[in-house]
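Colleague: Below is the sequence, then the predicted model.
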Amino acid sequence: MTAAELCRLSNDELAEVMASAPTFDPVTLAGSVYRGTSLGLPGWIERLTWKKFAKAFAREGDHVHGWNIRVEQDSLERPWRPRRRAGAPITFGPFAVKVTSTGVVLDYNVRGGLMRALRDPLIALDADADLLLGRSLLAIGSRRLPTPSFFTLERDRTLGPSSSLR
């Protein structure tokens with residue numbers, strides 16, 4: 001399955017794909033930047049937020065963590081270009097990458113961030129984890145409430161040694 005094919009699926013079909021995939025080793029994400037595409041949200045919400053974004057993944061010791069990168073909101077056929085402020089990419093939403101009983105999850109409950117109630121389960125759609133499918137859930141206590149937001153992540157490039165991407 002390709003990212004373009006995933007973009008054509010309904011939210012119910014995306015949920016079926018998520019339920020059918022095996023877990024993967026999150027270490028395979030480390031050192032990469034992924035192009036993200038938001039799926040499943042109404043167009044008016046995408047216009048208020050974003051359709052395109054990027055996620056960077058890094059490893060420190062035994063832990064994988066990451067952050068989001070704002071990108072220019074142009075056509076999906078155009079390259080993912082980071083939006084910049086004072087010459088540096090605009091980043092937000094740090095997360096920890098965890099393995100839970102249900103699989104790999106991006107946990108935004110780090111450093112008191114504004115997105116701390118989000119949990120994004122991820123599945124890999126290929127053996128190298130070059131194509132991922134995720135879904136945003138709201139964590140309220142021990143409950144996880146699904147949102148209509150799904151997304152794809154496609155491995156784009158190697159994360160450079162510069163900390164300017166944070």
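Modeller: In hand now; what should we look at? Numbers count the residues shown, from 1 in each chain.

Colleague: just for this protein, where's the confidence low?
Modeller: Judged by pLDDT under 70, the chain has its weakly predicted residues at 42, 44, 48, 112-113, 161-166.

Colleague: which helix is the longest one in it?
Modeller: Ordering each helix of the chain by length in residues (DSSP state H) puts helix 11-20 first.

Colleague: Now do the strands in the protein.
Modeller: Along the chain, counting by DSSP state E, strands occupy 32-39, 52-60, 63-70, 84-85, 88-89, 91-100, 103-107, 118-124, 131-140, 143-158.

Colleague: Which secondary structure elements does the first one sit against?
Modeller: Read it as strand 32-39. helix 3-7, strand 52-60, strand 143-158 (3 or more CB pairs under 8 Å, 6 or more residues apart in numbering; DSSP states H and E). No exception for glycine: its C-beta is placed from N, CA and C like everyone else's.

Colleague: same check, this time on the last one
Modeller: Helices and strands in packing contact with strand 143-158 are listed as helix 3-7, helix 11-20, strand 32-39, strand 52-60, strand 118-124, strand 131-140; criterion 3+ CB pairs under 8 Å, 6+ apart.

Colleague: CA atoms only for the longest helix of the chain, dumped as CSV, please.
Modeller: Output of helix 11-20 as CSV, limited to C-alpha atoms (Å, rounded to 0.1, in the frame of the first residue of the first chain):
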residue,chain,number,x,y,z
ASN,A,11,-11.7,6.6,8.3
ASP,A,12,-13.3,3.2,8.8
GLU,A,13,-10.9,1.7,6.3
LEU,A,14,-7.9,3.4,7.8
ALA,A,15,-8.9,2.0,11.2
GLU,A,16,-9.1,-1.5,9.7
VAL,A,17,-5.6,-1.1,8.3
MET,A,18,-4.3,0.0,11.7
ALA,A,19,-5.9,-3.0,13.4
SER,A,20,-4.3,-5.5,11.0
